[in-house]
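J.: here is my input, please return the structure:
(one chain, ligands or ions: 2)
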Amino acid sequence: MHKDCKEILVSGEAITKRCEELGAQISKDYAGKELILVGLLKGSVPFLAELSKHIDIDVYFDYMDVSSYDGVMSGNIAVLTDLTQDVAGKHILIIEDILDTGKTLSTVMDLLKERDAASVEICTMLDKKEGRQVDIQAKYVGFDVPNVFVIGYGLDFNQKYRNLPYVGILKEECYM
Ligand code: XMP
Ligand code: MG
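T.: Ligands and ions are numbered 1, 2, ... in the order given. Take a look at the predicted model:
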């Protein structure tokens, strides 16, 4: 375990197993539909990579960077990188590392709905329900997590720890 990590919350093996279940459900729900997986950069990349291996219908990948998350506080949001395709009439599944206040994802959902996507839903690896400030729900949730700052499997603290092969709790002394 990394020295800055207090505890492992979700192991890499548990994430893989959950991705098998989610992938099977997504494959069933979107059978016969044109599905675009929209990964939110940068945190969703490891989860998107694992999840997509367990989806057995044809899917397309695209990415958006809407994060202006800085440190441990969720705040301002801006579109830094946009999609590379027209999504009108297409089904979109936004892939995210963690749903916390919900501000990021509600902004992204509004934006994509304005572009006349056939549907826009969310698949989040982690759901920190206690953090919610905006009324928004993910259609697919990997794991519920308590209101603690988590790192690893894409999740960062000041851009660090994204490569950890598990989700862990960051030691308080690392951000205090
Ligand atoms: P909101 O609050 O808009 O935030 O739902 C979603 C984004 O905030 C980041 N975030 C975290 N990042 N550990 C992290 O490494 C956390 O505990 C955490 N909580 C929120 C994350 O980038 C997510 O996309
Ligand atoms: Mg993020």
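J.: mean pLDDT per helix and strand in the chain: which one sits at the bottom?
T.: helix 103-114 (a mean of 88; mean pLDDT, DSSP states H and E).
J.: quick one: is it near ligand 2?
T.: No: contact of helix 103-114 with ligand 2 (C-beta under 5 Å from the ion) is absent, the minimum separation being 6.6 Å. To be clear about C-beta, it is placed using only N, CA and C from the backbone, and glycine gets the same treatment.
J.: mind giving me the packing neighbours of that helix?
T.: In this structure, helix 103-114 makes packing contacts with strand 35-40, strand 91-99, strand 119-127, judged by 3 or more C-beta pairs under 8 Å, 6 or more residues apart in numbering; DSSP states H and E.
J.: redo the ones you listed as JSON lines? Include mean neighbour count and distance to ligand 2.
T.: Converted to JSON lines, the helices and strands packed on helix 103-114 look like this (neighbours: other C-beta atoms under 10 Å; distance: least, C-beta to the ion, whole Å):
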{"stretch": "strand 35-40", "mean neighbour count": "23", "distance to ligand 2": "5"}
{"stretch": "strand 91-99", "mean neighbour count": "24", "distance to ligand 2": "5"}
{"stretch": "strand 119-127", "mean neighbour count": "23", "distance to ligand 2": "10"}
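J.: how about this structure: which residue is closest to ligand 2?
T.: Nearest to ligand 2 in the chain, going by C-beta to the ion, is residue 43, at a distance of 3.6 Å.
J.: what strand or helix carries that residue?
T.: In the assignment (DSSP states H and E), residue 43 maps to no helix and no strand.
J.: mind putting the helices and strands packed on helix 103-114 into a markdown table with mean pLDDT and distance to residue 47?
T.: Listed next are the helices and strands packed on helix 103-114 as a markdown table, based on pLDDT from 0 to 100; distance: least, C-beta to C-beta, whole Å:
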| stretch | mean pLDDT | distance to residue 47 |
| --- | --- | --- |
| strand 35-40 | 97 | 8 |
| strand 91-99 | 97 | 6 |
| strand 119-127 | 97 | 4 |
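J.: fine by me, thanks again.
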